[in-house]
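Enquirer: sequence-free structure coming up:
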């Protein structure tokens, strides 16, 4: 059977333009009459979203009335019959599978009547229109977060996401009175999620709370959710309620509690873990974090207050607040000076010994908080060479020396005794007899003595050694070995000994060695070995400095003495090798010759690079050492029926949309995008009711044109009277002829 339009152009023109929506893939045939039944229409098309049915609304699960009968009383056969479940339009007898709150069902054709909760809406197919039953309040009461998800979703462009306070946000439907809403709903003033006011269909507050808002199949499939909250004291915590097969879930918000270190805003004040780790120690920085979300208390330095009045200059040391002890001294020896950590210094009168401040008194005692002086100190030291006194400040006894006074120290080994300082001192008696081989001594009682010895001595001959005393007062020694004793190990001197001056070294001539392997032909001169010809390029590292190129990156020279002759070589340990692990496309690590240090060197500006790994930017290049992304590539395909964007990996893409558009023909109304093309809406009907005009529409302006020229002078019937003759068209009007 050929695919035919369900209604003629005339019937389609009679439908309201707002009830028409495009059905892709509907083929046309030659007939203009309607088929005898719905089964005469076969439409092959993918499932039609409810949002493509303009002017139609989908009922909520509460208001949907599922029926197993067609409007003419017949019983449908599933699959394929009206209201039968479907996945695509080619499963349906009428060739149209539409979205409903209970899932996708085959559409039901209508001619003005539909089951409760549905309404008859027109679907444009080319220049013709077919009518099907569509839900009236499709997504009413579905969870939402913004009005954009409610407006136009089978609820009309005025639908908003209504804010129900702590219970969350749900889609409303625009209304003017209660009659515009389904049962259990009222037309009430509502506030949208964006804070704007309007009249919307809301749940009846006297019969059912918002918690009983049903979850449609669309909401379950999309796992739609809405915000909610839980109050605890003055704090409110936010959460979500989500649709599932069992309905709306409980609010996920938790009750506000004291903050702990767990990465959660426990008290719901917008801050996380604040104060959760305070250990009360002023010398630690308390933080919460790490892999296991734990408290840490890092020591810090600086001033603090340990709360103890017996300390001052408190500072933090290794996590403890430590201060210097306060000195509670009132300088009164007859008070007990103590410090109380809570109140500070205290001074209590005491009895007992004290110090009156006069060091020359002894036995001072406290009486009534005052130190009373004792008797004077005795400073007589019994020394005839001193005048003894006491210093009251220090309490020390001082003796004034009686210098020059004659005295007797009682020592036979001194003479001319006199007071010197505070001591009776004499000049020592000289007991030396001038003989190194006698021991001269003095006994304080008996005086001087001279005893022969066998100790070492000097016989006055520089060329003898081992001189000793013979025990009789004489001194002698043995001649020295000149070759051993007087050798200076100098090949350029002759060694000898003189009794008066000792060893001597006379200069000689001849060949010698200066000990330097780099010289050849060394000879004696003025008692020293003079170096010969130098065979080496260097003797020390400093000799190579003048031969270095000054580039510290390729190593420095040193004197290589591993073999003769010595030469200057590059020290491998001084060659600089820079790590390139941090190099980028726009910055390379190089060695600076002047300093030998590794430094980052920017590449030339404009060098090509890849800044963001995205194909959506072009011309990425180096700028001041940084790879900088270029401008976004243009992705606009100039097609109003596609939504253009760019994927960082695959590049530009275009997605078909269903937005209003213009097909360029002003004589079509309600043009809409579909399949990436702008599809024409309903044709404008131009009919002035006159048989004397040719009616048409101007595709450029959309204005109706009634041309009279083609019918000018042609016969017509102006007054349906046989009493006039020759009725004819005159300037577009059927004019009666003469009687």
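Expert: Yep, it's here. Since the model is a prediction, treat every value here as computed from it, not as a measurement. Numbers count the residues shown, from 1 in each chain.
Enquirer: can you map out the helices along the stretch 201-350 of the chain?
Expert: 217-221 (DSSP state H, counting those that start in this stretch).
Enquirer: what of the stretch 451-600 of the chain?
Expert: Using DSSP H, counting those that start in this stretch, the helices of the stretch 451-600 of the chain run over 482-485.
Enquirer: what sits against residue 242?
Expert: 143, 223, 224, 225, 248, 249 (C-beta atoms under 8 Å, 6 or more residues apart in numbering). Any C-beta I mention is one placed from the backbone N, CA and C, and that applies to glycine too.
Enquirer: grab the nearest non-local neighbour of the fourth one.
Expert: Put plainly, it is residue 225. residue 242 (4.1 Å; C-beta to C-beta, 6 or more residues apart in numbering).
Enquirer: one step back: now which of the contacts of residue 242 would you call buried?
Expert: 143, 224, 225, 248 (16 or more other C-beta atoms under 10 Å).
Enquirer: chain neighbours aside, what residue packs nearest to the last one?
Expert: Nearest residue to residue 248, sequence neighbours excluded (C-beta to C-beta, 6+ apart): residue 241, at 4.9 Å.
Enquirer: who's the one you found bridged to?
Expert: residue 226 (DSSP bridges).
Enquirer: okay, it: pLDDT?
Expert: Looking at residue 241, its pLDDT reads 88.
Enquirer: before we move on, what about the one 4 residues further on?
Expert: The predicted structure scores residue 245 at 86 on the pLDDT scale.
Enquirer: would you agree it is in contact with residue 220?
Expert: Yes: here residue 245 reaches residue 220: they are 5.8 Å apart, a contact under C-beta atoms under 8 Å.
Enquirer: neighbour count winner among those two?
Expert: Using other C-beta atoms under 10 Å as the criterion, residue 245 and residue 220 rank with residue 220 on top: 19 against 7.
Enquirer: about what we covered before: between the buried ones among the contacts of residue 242, which is closest to residue 135?
Expert: Relative to residue 135, the closest of the buried ones among the contacts of residue 242 is residue 224; by C-beta to C-beta it sits at 16.9 Å.
Enquirer: my read: the closest one touches residue 145, true?
Expert: No: using C-beta under 8 Å, residue 224 is not in contact with residue 145; the gap is 9.1 Å.
Enquirer: where strands are concerned, which of the contacts of residue 242 count?
Expert: Within these, residues falling in strands by DSSP state E are 225, 248.
Enquirer: okay, the contacts of residue 242 in CSV with pLDDT and distance to residue 397 next?
Expert: Output for the contacts of residue 242, formatted as CSV (pLDDT from 0 to 100; distance: C-beta to C-beta, whole Å):
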residue, pLDDT, distance to residue 397
143, 90, 104
223, 87, 104
224, 89, 106
225, 89, 100
248, 85, 104
249, 86, 100
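Enquirer: out of the contacts of residue 242, who's nearest residue 684?
Expert: Closest to residue 684 out of the contacts of residue 242 is residue 224 (40.2 Å), distances taken as C-beta to C-beta.
Enquirer: once you drop chain neighbours, what's closest to that closest one?
Expert: Closest to residue 224 by C-beta to C-beta, 6+ apart is residue 143, at 4.4 Å.
Enquirer: if we can go back for a sec, quick check: the residue nearest to residue 248 touching residue 142?
Expert: No: here residue 241 lies out of contact with residue 142, judged by C-beta under 8 Å, at a distance of 12.0 Å.
Enquirer: for residue 79, which non-adjacent residue is closest in space?
Expert: residue 91 (5.6 Å).
Enquirer: what's the one you found sitting at in phi/psi?
Expert: phi -90, psi -10 (degrees, to the nearest 10).
Enquirer: how about the helices in the stretch 51-200 of the chain?
Expert: According to DSSP H, counting those that start in this stretch, the stretch 51-200 of the chain contains no helices.
Enquirer: where does pLDDT dip in it?
Expert: Counting by pLDDT under 70, the low-confidence segments of the stretch 51-200 of the chain come to 51-76, 101, 124-128, 152-156.
Enquirer: kindly report the same for the chain.
Expert: In the predicted model, the chain carries pLDDT under 70 at residues 1-76, 101, 124-128, 152-156, 204-212.
Enquirer: which residue of it lies farthest from its centroid?
Expert: residue 472 (101.3 Å; C-alpha atoms, centre = their mean).
Enquirer: isn't it right up against residue 452?
Expert: Yes: the pair residue 472 / residue 452 is scored as a contact, 5.9 Å apart, by C-beta under 8 Å.
Enquirer: common neighbours of these two, please.
Expert: Contact criterion C-beta under 8 Å, 6+ apart; residues shared by residue 472 and residue 452: residue 437.
Enquirer: how about residue 483: what's its closest non-neighbour residue?
Expert: Nearest to residue 483 is residue 495, by C-beta to C-beta, 6+ apart, at 7.0 Å.
Enquirer: ok now do that neighbour, which residues does it touch?
Expert: With C-beta under 8 Å, 6+ apart, residue 495 has these contacts: 482, 483, 486, 487, 488, 503, 504, 505.
Enquirer: mind listing the residues bridging to it?
Expert: residue 505.
Enquirer: next one: it from residue 461, what distance?
Expert: From residue 495 over to residue 461 the distance is 18 Å, taken as C-beta to C-beta, to the nearest Å.
Enquirer: the nearest residue to residue 172 once chain neighbours are set aside: neighbour count?
Expert: Spatial nearest neighbour of residue 172, excluding adjacent residues (C-beta to C-beta, 6+ apart): residue 200 at 3.0 Å. For residue 200, the count of nearby residues is 29 (other C-beta under 10 Å).
Enquirer: return the distance of the closest residue to residue 644 other than its chain neighbours relative to residue 647.
Expert: Excluding the flanking residues, the one nearest residue 644 by C-beta to C-beta, 6+ apart is residue 635, at 4.7 Å. The gap separating residue 635 from residue 647 is 10 Å, by C-beta to C-beta.
Enquirer: where exactly do the strands run in the stretch 251-400 of the chain?
Expert: 284-289, 294-299, 311-317, 320-325, 335-340, 344-349, 352-353, 361-362, 365-367, 370-372, 375-376, 386-390, 397-401 (DSSP state E, counting those that start in this stretch).
Enquirer: distance to residue 231 and mean neighbour count for those strands - can I get that in a markdown table?
Expert: Below are those laid out as a markdown table (distance: least, C-beta to C-beta, whole Å; neighbours: other C-beta atoms under 10 Å):
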| stretch | distance to residue 231 | mean neighbour count |
| --- | --- | --- |
| strand 284-289 | 26 | 15 |
| strand 294-299 | 29 | 13 |
| strand 311-317 | 42 | 15 |
| strand 320-325 | 41 | 14 |
| strand 335-340 | 50 | 14 |
| strand 344-349 | 50 | 13 |
| strand 352-353 | 72 | 10 |
| strand 361-362 | 83 | 16 |
| strand 365-367 | 72 | 15 |
| strand 370-372 | 73 | 15 |
| strand 375-376 | 88 | 11 |
| strand 386-390 | 88 | 15 |
| strand 397-401 | 89 | 14 |
